[in-house]
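Enquirer: below: sequence and its predicted model.
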Amino acid sequence: MERTVTAAAPLELLRRRVADDPVLAAVPEGPARRGAVRSAVARAVRDEGLLLPPGALATLVRELSDALAGLGPVESLLRDPAVTDVMINGPDEVWVERAGRLARTALTYPDAQALHAAVLRVVGPLGLRLDRARPYVDARLADGSRLHALLPPLAPGGPIVTIRRFAAVRHGWEDLAASGAVPAPAGVLLRDCVARRRAVVCCGRTGTGKTTLLNLLLAEVGDDERVVVIEDAPELRPGCPHVVRLETRPPNAEAAGEVTIRDLVRQALRMRPDRIVVGEVRGVELVDVLAALATGHEGCMTTVHARAADEALVRLEGMALLAGLPLPAARAQLGVGLDVFAVLSRGPGGQRGLVEIAEVRRRGATLGVRELWRRETWS
C-alpha cells in the first residue's frame, strides 16, 4: 500500500536508496547520468511504496541530479539567468556575481573531497583530469559556461572553482544605447570602423562586456565576407551570414593532443578568410594575427585584457616580444596592423559600458594612441 511522504526521514531513505542504486552506479559520468538519476528515483519510490506530492518529487529529483550528476549545491546558481559568475573559494565559501555585484551565498560543500568529486563529475567525461599530477583544469560545461578549477597544494585553502557564464540574450545597439552602455555616437563610430574594415581590439577587465561588443561588431559584417572565428570556448554568437567557427582543444589526460589558438590562426589563413576574429589574444598567437593583417586580411577583430588603450598597446607589444619579435619589428607590425581600440569598464554602480575609443598612431619608431571618443559621465 502506498503512503504519502511528507517527513524528512523517508526522504532521506530515498536519497540513500538512489545513491546505492546498482543500475545508477553502472552509468558512467556524462549527460546520460541525469536521466539515470531520475529513473533511480522512480525505482526507489516504487520499491518503498511511497507517494510523493508532485512538487516534492520534482525537488528530490533535481536535488539528487545536482548531487550525483552535476556540480552539487551551485547547480541552483547555474539555473539563475541573472548569474554571470560563480566563485567557489573552498568547500565553505561560495560567491556569486549578479548585475556586476559580488555577494556571498549560504551554499557549502560537506568537505574538500566532495567539492573535488563534483568537479570530476563534469570534467571526467570530457577526457580531462584533475589530480595531484595535474592540479588545475579548464573545461566547458554543457550550457557553454567556462569552468576553471585549482587543487591543493596550489590552493592551500581547498579546491578553488570559478565558473564564467555567458548571457543567453543577444543585445542590439539600441539596447546598449538605451542602457547607456554604448552611447549612440560611439556606436555610430564603431559601426563605421567595421564598414571601413579597420582592425578593432576590444579591451577591458574581465566581465566588462568585451564579448557583447564584439558580437555587435560581427553582426555589422556583410554577407559578401567570409569570417573565421577562433576561440578557446564558444562565447561569441556571431550574427554575420558567412561564418566558420574554430575551437581550441586542451591536452587530454596523457598531456597530448593540444590545439592552440596559434595553431588555428595558421589553419585559418588557408581557409580563404576575409576577416579573422580571435576571441582573445593572450600570448604568442598575436604574431600570427599580425601576419594575417599584413597579408591583406583587413578588418580583423579580437579582445585583450587591459584598462585603457595605451595599456592595451603596451600589452600587445609585450606579447610580440615574447613571441621573439625585436621591439622595432613589433612596433612596426602593430602600427601597420592595428587601427582602433574600444575600451570597456565598470561604472561606480557596477554598470558596464564603453569608456573610450582610440586609434593607433605611429610616429617614426614609436607608437601611441589618439582619442576619438571618451565617456564623460555614467549617468
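Expert: Noted; the coordinates are in hand. The structure displayed is predicted, hence computed values, not measured ones.
Enquirer: how about the nearest residue to V123, chain neighbours excluded?
Expert: Closest residue in space to V123, ignoring its immediate chain neighbours: A139 at 4.7 Å, by Cβ to Cβ, 6 or more residues apart in numbering. Yep, even glycine has a C-beta here, placed from its N, CA and C like the rest.
Enquirer: ranges for the helices of this structure?
Expert: Taking DSSP state H to define them, one finds helices in the chain at 8-19, 22-25, 32-48, 54-69, 75-78, 112-123, 173-179, 184-195, 210-219, 261-268, 285-294, 309-322, 327-337.
Enquirer: compare the mean pLDDT across the ones you listed and name the weakest.
Expert: For these, mean pLDDT drops lowest on helix 8-19, to a mean of 66.
Enquirer: how far away is the most centrally placed residue in the chain from E63?
Expert: Computing the C-alpha centroid of the chain and ranking residues by Cα atoms, centre = their mean puts R146 first, at 4.5 Å. The span separating R146 from E63 equals 25 Å under the rule Cβ to Cβ, to the nearest Å.
Enquirer: show the pLDDT at the residue nearest to the centre of the chain.
Expert: pLDDT, the model's per-residue confidence, is 88 for R146.
Enquirer: give me the beta-bridge partners of it?
Expert: With DSSP bridges applied, R146 shows beta-bridge pairing to R140, R164.
Enquirer: what sits against it?
Expert: Applying Cβ atoms under 8 Å, 6 or more residues apart in numbering, one finds that R146 lies in contact with 138-140, 163-164, 166, 233, 235.
Enquirer: how many residues are close by the residue nearest to L151 when sequence neighbours are not counted?
Expert: Spatial nearest neighbour of L151, excluding adjacent residues (Cβ to Cβ, 6+ apart): P135 at 3.9 Å. The local packing of P135 (other Cβ atoms under 10 Å) involves 16 other residues.
Enquirer: pretty sure D310 contacts G368?
Expert: Yes. Taking Cβ atoms under 8 Å as the contact criterion, D310 and G368 are neighbours in contact, 7.3 Å apart.
Enquirer: over to the residue nearest to W378 when sequence neighbours are not counted: give its phi and psi.
Expert: In this structure, W378 finds its nearest non-sequential neighbour in G347, 3.7 Å apart by Cβ to Cβ, 6+ apart. For G347, the backbone dihedrals (degrees, to the nearest 10) come out as phi -90, psi 180.
Enquirer: next one: G347 from V200, what distance?
Expert: Using Cβ to Cβ, we find G347 at a distance of 22 Å from V200.
Enquirer: and the two? Which one has more around it.
Expert: Neighbour tally, G347 and V200, criterion other Cβ under 10 Å: the higher count belongs to V200, 23 against 16.
Enquirer: list the beta-bridge partners for the more buried one.
Expert: Under DSSP bridges, the residues paired with V200 across the bridge are M301, V340.
Enquirer: how about it, what does it touch?
Expert: For V200, the contact set (Cβ under 8 Å, 6+ apart) comprises 190, 193-194, 217, 301, 339-342.
Enquirer: try 7 Å this time
Expert: Contact criterion Cβ atoms under 7 Å, 6 or more residues apart in numbering gives 193, 217, 301, 339-340, 342 as the residues in contact with V200.
Enquirer: now for the residues you listed, which pair is the farthest apart?
Expert: Every pair in the contacts of V200 was compared (Cβ to Cβ); the two farthest apart turn out to be L217 and D339, at 12.6 Å.
Enquirer: circling back: do you know how far the residue nearest to the centre of the chain is from L78?
Expert: Counting by Cβ to Cβ, the gap from R146 to L78 is 12 Å.
Enquirer: over to G364?
Expert: 52 Å.
Enquirer: can you count the residues close to the spatially closest residue to T366 that is not a sequence neighbour?
Expert: With Cβ to Cβ, 6+ apart as the criterion, T366 has its nearest non-adjacent residue at 7.1 Å, and that residue is R331. Around R331 sit 20 other residues, with neighbours defined as other Cβ under 10 Å.
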